[in-house]
Every structure is written in C-alpha cells, then in structure tokens.
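Colleague: Make a model of this:
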Amino acid sequence: MPDTRPDTRPDTMPDTRPAPVLSLTDATLSLDGNAGRVDILRGITLDIQAGESVGLVGPSGSGKSSLLMLMGGLERATSGRVMALGHDLTTMDEDALARFRRGNMGVVFQSFHLIPMMTALENVATPLELAGHRDAFARASAELEAVGLGPRADHYPAQLSGGEQQRVALARASAPRPRILLADEPTGNLDEANGQAIIRLLFDLRDRQGATLVLVTHSAELAARCDRVVRLRDGRIDAAPLRAAAE
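Modeller: Just a heads-up that it's a prediction; the model follows:
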C-alpha cells in the first residue's frame with residue numbers, strides 16, 4: 001500500500017555555516033551639512049567570514065572609508081544593522097564600543113595617528129595597558145621586532161620615516177591580537193618601496209594571527225592579494241563585473 005503518512009521532512013537543509021564575523025544589513029549613513037543632508041552609504045548588505053581578507057575598492061567618494069568606519073563602530077549607522085562578532089554595534093554607546101574595539105579590533109589609518117609625545121614602544125604599548133595587560137611593554141617590544149623596528153623602539157614619531165611610522169601603527173593594531181583588522185588606505189601616504197613592505201607586513205600579520213582583514217585601497221596590487229574584492233559606487237555595492245581589481 002502507498003505510504004500515506006505526512007511528509008515531515010524540512011523543505012530546506014539547515015544552514016550549518018558559521019555566523020559571519022562582520023555582517024551589515026541594509027546599513028545606511030547620512031550626514032547633515034551646510035548644503036543639507038548627504039547620503040553617504042545607501043543600503044549596504046554584506047557578510048564577511050572569519051579569516052577572510054576583503055578589499056574595499058571604488059572611486060573616491062564612493063563610501064569605502066565610511067563603510068570601514070561603520071564596521072569598526074567609529075561611525076554609527078543612520079539605519080540598518082551592523083554586527084561584529086555577534087554584537088550589534090548600532091545599539092552600543094561610545095564607552096561600550098571603545099571597550100569592544102579594545103579587545104577585538106585593530107585599526108590602521110592612512111595618516112598613522114601616532115601619539116607624538118610617545119616613543120614607538122610607548123605607542124604600541126598604550127592599547128595593551130588600557131586593556132590591562134601586565135606584559136604590555138614586553139608584547140609591544142615583540143611586535144616592533146616583528147615589523148623590523150626593534151632598534152627604533154625609543155624613537156619618537158617625528159624621528160621616524162613615513163614607512164616606519166606606518167609599521168609602528170601596524171604593530172600597535174596587531175599587539176592586542178585582534179580578531180578583526182581594519183585598514184584604511186594603509187599604503188596611501190607611502191612611496192612604492194615602503195608601500196610594498198607594508199603590504200607584506202599586513203598580510204603576514206593577518207596570516208600569523210588568523211585575523212579577519214578588511215582594507216580600503218586604490219591599489220590594484222593590494223586588492224588582488226585579498227580573498228574577495230567588494231566594489232562601491234555612489235554609496236552602494238556595485239554588482240557589475242570588475243574590469244580591474246581597483247581604480
């Protein structure tokens with residue numbers, strides 16, 4: 001006889017993929033200026049998995065850096081949701097965001113953002129001290145050695161070249177062993193030789209620590225090193241085929 005029992009099998013197989021490290025859902029960013037409201041990001045939906053490296057590319061003014069700032073909780077979405085490591089950044093106040101970044105994120109800026117009154121060693125040790133690490137200076141020294149600046153640990157930023165300052169910034173970002181590393185045009189202020197060195201160090205740090213890496217770049221070579229390239233145009237993700245890795 002035919003089997004007349006109801007079919008209780010699920011319509012689809014359960015999704016066993018791990019939750020993304022970074023997840024944006026219909027995220028927007030608008031700012032009010034003298035000329036009125038400016039829509040910078042318009043409905044960004046994007047998932048980034050653990051250990052992935054993602055390059056954000058596109059024309060100047062397309063929203064690349066603003067998107068990176070949303071991911072780091074350095075800008076607050078006007079609407080939508082921004083999740084990082086299971087935490088909703090859109091609901092956290094500034095103090096909570098600072099604590100969250102301190103233990104989970106490293107950020108590298110184009111213009112270094114080193115503290116001029118502190119030596120290279122002190123700059124790298126500062127976030128470790130704030131996080132309560134008793135071995136802050138030992139770890140900072142090891143990070144400076146890893147980026148080839150051990151002999152320059154006692155030098156102040158003004159005594160370092162641009163390439164050296166960016167290496168200090170990389171050491172500072174990586175010292176807390178962040179799970180997410182964000183970099184905004186990390187080679188933008190450097191000559192070709194120093195830019196190449198920073199690219200190598202950036203991916204060496206990512207591989208050594210297993211961090212998820214998201215970077216903004218105009219460099220086709222740097223974008224090509226990433227597992228995935230996301231192109232922005234006019235504040236939206238551009239789904240058109242890429243003719244080149246970056247502009």
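
Colleague: isn't residue 62 right up against residue 218?
Modeller: No - using CB atoms under 8 Å, residue 62 makes no contact with residue 218, being 10.7 Å away. Where you see a C-beta, it was placed from the backbone N, CA and C, and this is true even at glycine.

Colleague: which residues does the nearest residue to residue 154 once chain neighbours are set aside contact?
Modeller: Excluding its sequence neighbours, the residue lying closest to residue 154 (CB to CB, 6 or more residues apart in numbering) is residue 119, at 5.2 Å. Taking CB atoms under 8 Å, 6 or more residues apart in numbering, we find residue 119 in contact with 153, 154, 155, 156.

Colleague: Turn those residues into CSV, including distance to residue 28 and secondary structure.
Modeller: Formatted as CSV, the contacts of residue 119 follow (distance: CB to CB, whole Å; DSSP: H, G, I helix; E, B strand; the rest coil):
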residue, distance to residue 28, secondary structure
153, 43, coil
154, 46, coil
155, 43, coil
156, 41, coil
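
Colleague: Let's see if you can find the most crowded of the residues you listed.
Modeller: Within these, most neighbours by other CB atoms under 10 Å means residue 153, with 20 neighbours.

Colleague: Next, the contact list for it, please.
Modeller: Here residue 153 is in contact with 119, 120, 121, 141, 144 (CB under 8 Å, 6+ apart).

Colleague: just residue 146 next, same as before
Modeller: So residue 146 contacts 171, 174, 205, 208 (CB under 8 Å, 6+ apart).

Colleague: separation between it and residue 168?
Modeller: Using CB to CB, to the nearest Å, residue 146 is found at 12 Å from residue 168.

Colleague: where in the protein is pLDDT low?
Modeller: 1-17, 240-247 (pLDDT under 70).

Colleague: do that again at 50, thanks
Modeller: The chain contains residues with pLDDT under 50 at 243-247.

Colleague: now the strands: where do they sit in it?
Modeller: 22-33, 36-48, 53-57, 79-84, 87-88, 105-108, 180-184, 212-216, 228-233, 236-237 (DSSP state E).

Colleague: export those to CSV and tack on mean neighbour count and distance to residue 134?
Modeller: Below are the strands of the chain laid out as CSV (neighbours: other CB atoms under 10 Å; distance: least, CB to CB, whole Å):
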stretch, mean neighbour count, distance to residue 134
strand 22-33, 17, 31
strand 36-48, 16, 33
strand 53-57, 24, 32
strand 79-84, 19, 27
strand 87-88, 13, 26
strand 105-108, 24, 20
strand 180-184, 23, 24
strand 212-216, 26, 27
strand 228-233, 19, 38
strand 236-237, 18, 43
